[in-house]
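1. can't give you the sequence, but here's the structure:
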């Protein structure tokens, strides 16, 4: 009976010490997502982890995750997708690079010469003239376009490939 009481006292003495231990995988880590070019915090960045956690950054660019992940994936339509590994995270700030093809806003201005203009939805006159010219002989304009593409098109394509490579290197190095 005395041995049973001593055992119960030992268990009670050990219980608070065990309950105070914090499991590193259950602890939260806080991060902030920032635009690499402007330094402005980014909202609504969707964050996925390899251990099925999912969250979104709030208005000040912050989000929290349990520390059990090995990699974080950050996505947003206006920014390049980025995968960050836990071993490579040095502080709480994660930088994202904006897409070069994303537009914030498109405004189109125009005016009409006549409010009562009637449209003829049959074949336009210029299409009929082009069909007649094609039937008559060689299209010199198309031939010149083909020759110019062969002469200068490869240079332009080479420049575009160089730009892509520089952008890829920039993304990998940031």
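-> Nice, thanks for sending it over. Quantities reported herein were computed from a predicted structural model and do not represent experimental measurements. Numbers count the residues shown, from 1 in each chain.

2. Next, the closest residue in space to residue 74 that isn't next to it in sequence: secondary structure please.
-> Closest residue in space to residue 74, ignoring its immediate chain neighbours: residue 82 at 4.9 Å, by Cβ to Cβ, 6 or more residues apart in numbering. For every residue, glycine as well, the C-beta is placed using N, CA and C. Here residue 82 is recorded as strand under DSSP: H, G, I helix; E, B strand; the rest coil.

3. got it, and residue 55?
-> strand.

4. again, but for the one 5 residues further on
-> Per three-state DSSP, the local secondary structure of residue 60 is coil.

5. For it, the count of nearby residues, please.
-> Residue 60: 11 surrounding residues under other Cβ atoms under 10 Å.

6. Quick check: the residue lying closest to residue 27 once chain neighbours are set aside vs residue 86, distance?
-> Nearest in space to residue 27, with sequence neighbours left out and distances taken as Cβ to Cβ, 6+ apart, is residue 67 at 4.9 Å. Relative to residue 86, residue 67 is positioned 8 Å away (Cβ to Cβ, to the nearest Å).

7. Per the annotation, how does this structure divide into domains?
-> 27-102, 126-173 (automatic domain parsing).

8. Make a markdown table from these and add distance to residue 109 to it.
-> Shown next, in a markdown table, are those (distance: least, Cβ to Cβ, whole Å):
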| stretch | distance to residue 109 |
| --- | --- |
| domain 27-102 | 22 |
| domain 126-173 | 25 |
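
9. Tabulate the ones you listed (TSV), appending mean pLDDT and distance to residue 108.
-> Below are those laid out as TSV (pLDDT from 0 to 100; distance: least, Cβ to Cβ, whole Å):
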stretch	mean pLDDT	distance to residue 108
domain 27-102	91	18
domain 126-173	73	24
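
10. okay, those, which one's buried deepest?
-> domain 27-102 (a mean of 14; mean count of other Cβ atoms under 10 Å).

11. For residue 49, give its distance to residue 37.
-> For residue 49 relative to residue 37 (Cβ to Cβ), the value is 26 Å.

12. Helices along the protein, start to end?
-> 2-20, 125-136, 140-148, 154-173 (DSSP state H).

13. Residue 53 and residue 66: what is the separation?
-> 6 Å.

14. do residue 105 as well
-> For residue 105 relative to residue 66 (Cβ to Cβ), the value is 38 Å.

15. now do residue 60
-> 20 Å.

16. same check, this time on residue 142
-> In terms of Cβ to Cβ, residue 142 sits 62 Å off from residue 66.
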